[in-house]
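okay, structure incoming, though there's no sequence with it:
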(Lines give C-alpha, C1' and ligand atoms only; values in the text may rest on other atoms or scores of the structure.)
Protein backbone atom coordinates (compact mmCIF):
# COMPACT_ATOMS: atom_id res chain seq x y z
CA UNK A 1 0.00 0.00 0.00
CA UNK A 2 2.87 2.37 0.69
CA UNK A 3 4.14 1.94 -2.86
CA UNK A 4 0.74 2.90 -4.28
CA UNK A 5 0.76 6.05 -2.17
CA UNK A 6 4.23 6.89 -3.46
CA UNK A 7 3.07 6.44 -7.07
CA UNK A 8 0.21 8.85 -6.41
CA UNK A 9 2.63 11.33 -4.92
CA UNK A 10 4.96 10.95 -7.90
CA UNK A 11 2.06 11.46 -10.33
CA UNK A 12 0.99 14.55 -8.43
CA UNK A 13 4.54 15.94 -8.44
CA UNK A 14 4.88 15.33 -12.17
CA UNK A 15 1.56 17.02 -12.86
CA UNK A 16 2.47 19.91 -10.55
CA UNK A 17 5.82 20.33 -12.34
CA UNK A 18 4.18 20.40 -15.77
CA UNK A 19 1.61 22.98 -14.63
CA UNK A 20 4.30 25.19 -13.06
CA UNK A 21 6.41 25.02 -16.22
CA UNK A 22 3.43 26.05 -18.30
CA UNK A 23 2.65 28.93 -15.95
CA UNK A 24 6.20 30.20 -16.29
CA UNK A 25 6.95 29.45 -19.95
CA UNK A 26 3.69 30.34 -21.70
CA UNK A 27 3.58 34.00 -20.54
CA UNK A 28 7.24 34.43 -21.49
CA UNK A 29 6.56 33.00 -24.93
CA UNK A 30 3.49 35.19 -25.35
CA UNK A 31 5.50 38.26 -24.40
CA UNK A 32 8.33 37.35 -26.77
CA UNK A 33 5.88 36.84 -29.63
CA UNK A 34 3.38 39.44 -28.42
CA UNK A 35 2.65 43.04 -29.07
CA UNK A 36 4.81 46.08 -28.50
CA UNK A 37 4.54 47.45 -24.96
CA UNK A 38 4.13 51.24 -25.00
CA UNK A 39 3.65 51.55 -21.22
CA UNK A 40 5.70 54.20 -19.46
CA UNK A 41 6.38 57.92 -19.22
CA UNK A 42 7.41 59.53 -22.50
CA UNK A 43 9.20 62.85 -23.08
CA UNK A 44 8.94 64.68 -26.41
CA UNK A 45 12.27 64.84 -28.29
CA UNK A 46 12.06 67.89 -30.53
CA UNK A 47 15.46 67.36 -32.18
CA UNK A 48 14.50 63.90 -33.50
CA UNK A 49 10.97 64.85 -34.53
CA UNK A 50 9.91 66.00 -38.00
CA UNK A 51 7.07 68.45 -37.92
CA UNK A 52 6.97 69.20 -41.66
CA UNK A 53 5.22 72.37 -42.73
CA UNK A 54 2.78 72.28 -39.83
CA UNK A 55 5.24 73.99 -37.52
CA UNK A 56 3.38 72.91 -34.42
CA UNK A 57 3.13 69.79 -32.33
CA UNK A 58 -0.38 68.57 -32.81
CA UNK A 59 -0.87 66.18 -29.90
CA UNK A 60 2.78 66.43 -28.85
CA UNK A 61 4.21 66.98 -25.39
CA UNK A 62 5.08 64.57 -22.62
CA UNK A 63 2.59 61.85 -21.68
CA UNK A 64 2.10 58.65 -19.70
CA UNK A 65 0.87 55.37 -21.20
CA UNK A 66 -0.71 52.48 -19.36
CA UNK A 67 -1.18 49.32 -21.36
CA UNK A 68 -3.19 46.26 -20.48
CA UNK A 69 -4.06 43.23 -22.60
CA UNK A 70 -6.91 45.02 -24.37
CA UNK A 71 -6.61 48.69 -23.35
CA UNK A 72 -4.21 51.54 -24.03
CA UNK A 73 -4.62 54.64 -21.82
CA UNK A 74 -2.80 57.86 -22.69
CA UNK A 75 -2.66 60.62 -20.08
CA UNK A 76 -1.56 64.10 -21.13
CA UNK A 77 -1.40 67.32 -19.14
CA UNK A 78 -2.11 70.73 -20.62
CA UNK A 79 -2.59 74.02 -18.78
CA UNK A 80 -2.79 72.34 -15.36
CA UNK A 81 -5.44 69.88 -16.58
CA UNK A 82 -5.06 66.18 -17.25
CA UNK A 83 -6.77 64.39 -20.11
CA UNK A 84 -6.92 60.62 -20.54
CA UNK A 85 -7.74 58.94 -23.83
CA UNK A 86 -8.51 55.23 -23.84
CA UNK A 87 -8.29 52.91 -26.81
CA UNK A 88 -9.42 49.30 -26.95
CA UNK A 89 -6.82 47.13 -28.67
CA UNK A 90 -9.24 44.74 -30.33
CA UNK A 91 -10.33 46.93 -33.25
CA UNK A 92 -13.58 48.02 -31.59
CA UNK A 93 -14.49 51.68 -31.50
CA UNK A 94 -13.47 53.77 -28.50
CA UNK A 95 -15.13 57.09 -27.65
CA UNK A 96 -13.17 59.85 -25.91
CA UNK A 97 -14.33 63.31 -24.82
CA UNK A 98 -12.34 66.45 -25.44
CA UNK A 99 -12.99 70.17 -25.02
CA UNK A 100 -15.16 70.56 -28.12
CA UNK A 101 -16.96 67.25 -28.16
CA UNK A 102 -15.96 63.66 -28.62
CA UNK A 103 -13.75 61.56 -30.85
CA UNK A 104 -14.25 58.02 -32.06
CA UNK A 105 -11.17 55.86 -32.58
CA UNK A 106 -10.21 52.36 -33.60
CA UNK A 107 -6.83 50.83 -32.81
CA UNK A 108 -5.38 47.95 -34.78
CA UNK A 109 -2.10 46.06 -34.40
CA UNK A 110 0.16 45.41 -37.37
CA UNK A 111 0.47 41.75 -38.35
CA UNK A 112 3.82 41.46 -36.55
CA UNK A 113 2.54 43.29 -33.43
CA UNK A 114 5.35 45.87 -33.59
CA UNK A 115 3.20 48.87 -34.38
CA UNK A 116 -0.27 50.11 -33.51
CA UNK A 117 -2.42 52.23 -35.85
CA UNK A 118 -5.04 54.48 -34.24
CA UNK A 119 -7.59 56.07 -36.60
CA UNK A 120 -9.61 58.86 -35.01
CA UNK A 121 -12.63 60.70 -36.36
CA UNK A 122 -13.96 63.90 -34.84
CA UNK A 123 -16.33 66.64 -35.86
CA UNK A 124 -15.23 70.29 -35.92
CA UNK A 125 -18.05 72.76 -36.58
CA UNK A 126 -19.92 70.30 -38.78
CA UNK A 127 -16.84 69.04 -40.63
CA UNK A 128 -15.60 65.53 -39.92
CA UNK A 129 -11.83 65.23 -39.65
CA UNK A 130 -9.85 62.01 -39.64
CA UNK A 131 -6.40 61.55 -38.18
CA UNK A 132 -4.18 58.49 -38.16
CA UNK A 133 -1.37 57.74 -35.73
CA UNK A 134 1.07 54.87 -36.18
CA UNK A 135 2.89 54.07 -32.94
CA UNK A 136 6.18 52.17 -33.26
CA UNK A 137 8.92 51.39 -30.75
CA UNK A 138 12.26 52.06 -32.44
CA UNK A 139 13.90 50.40 -29.44
CA UNK A 140 12.96 49.87 -25.79
CA UNK A 141 13.47 53.57 -25.01
CA UNK A 142 12.34 55.36 -28.19
CA UNK A 143 8.77 55.74 -29.47
CA UNK A 144 7.86 57.21 -32.85
CA UNK A 145 4.35 58.36 -33.65
CA UNK A 146 3.71 59.18 -37.31
CA UNK A 147 0.56 61.28 -37.48
CA UNK A 148 -1.44 62.14 -40.56
CA UNK A 149 -4.27 64.60 -40.18
CA UNK A 150 -6.20 67.04 -42.29
CA UNK A 151 -5.53 70.76 -42.02
CA UNK A 152 -8.22 73.45 -42.33
CA UNK A 153 -8.06 73.24 -46.13
CA UNK A 154 -8.60 69.48 -46.04
CA UNK A 155 -5.03 68.71 -47.10
CA UNK A 156 -3.13 65.90 -45.36
CA UNK A 157 -0.31 66.93 -43.03
CA UNK A 158 2.13 64.28 -41.81
CA UNK A 159 4.40 64.65 -38.80
CA UNK A 160 6.73 62.30 -36.98
CA UNK A 161 7.00 62.84 -33.26
CA UNK A 162 9.73 61.04 -31.36
CA UNK A 163 9.61 60.40 -27.61
CA UNK A 164 12.23 59.17 -25.17
CA UNK A 165 11.27 56.94 -22.26
CA UNK A 166 11.84 58.66 -18.91
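Nice, I can see it. What you are looking at is a predicted structure, and each value in this text was computed from that prediction instead of being measured.

pull the longest strand from the chain.
Taking DSSP state E as the criterion, the chain has its longest strand at strand 127-139.

so for it, mean pLDDT?
The average pLDDT for strand 127-139 rounds to 93.

and it, what does it pack onto?
strand 115-124, strand 142-150 (3 or more CB pairs under 8 Å, 6 or more residues apart in numbering; DSSP states H and E). No exception for glycine: its C-beta is placed from N, CA and C like everyone else's.

wait, which of the ones you listed is closest to residue 74?
strand 115-124 (9.4 Å; CB to CB).

buried sites along that closest one?
Neighbour counts over strand 115-124 (16 or more other CB atoms under 10 Å) mark 115, 116, 118, 119, 120, 122 as buried.

ok so, going back, with distance to residue 37 as added columns, please give the helices and strands packed on strand 127-139 in CSV.
CSV is the format used below for these (distance: least, CB to CB, whole Å):
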stretch, distance to residue 37
strand 115-124, 11
strand 142-150, 11
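
so what pairs up with residue 42 in the strands?
residue 63, residue 165 (DSSP bridges).

and of the buried residues of strand 115-124, the nearest to residue 65?
Closest to residue 65, out of all of the buried residues of strand 115-124 and judged by CB to CB, is residue 116, at 10.7 Å.

which non-adjacent residue is nearest residue 134?
Nearest-residue entry for residue 134: residue 146, 4.6 Å, with adjacent residues in sequence omitted and distances by CB to CB, 6 or more residues apart in numbering.

so who does residue 138 touch?
Counting by CB atoms under 8 Å, 6 or more residues apart in numbering, residue 138 touches 144, 162.

and it, how close does it get to residue 68?
23 Å (CB to CB, to the nearest Å).

surely residue 110 touches residue 35?
No: using CB atoms under 8 Å, residue 110 makes no contact with residue 35, being 9.1 Å away.

now do the shared contacts for those two.
residue 116.

the more surrounded of these two?
It is residue 35, of residue 110 and residue 35, that has more neighbours when counted by other CB atoms under 10 Å, with 17 against 14.

where does the more buried one land in three-state SS?
When classified by DSSP: H, G, I helix; E, B strand; the rest coil, residue 35 comes out as coil.

model confidence for it, exactly?
pLDDT, read off for residue 35, is 92.

and the closest residue to it other than its chain neighbours, how far is that from residue 73?
Leaving aside its chain neighbours, residue 35 sits nearest to residue 113 (4.1 Å; criterion: CB to CB, 6+ apart). Distance, residue 113 to residue 73, by CB to CB: 19 Å.

more neighbours, these two?
The neighbour count for residue 113 versus residue 73, taken as other CB under 10 Å, is higher for residue 73 (14 against 11).

no further questions, thank you.
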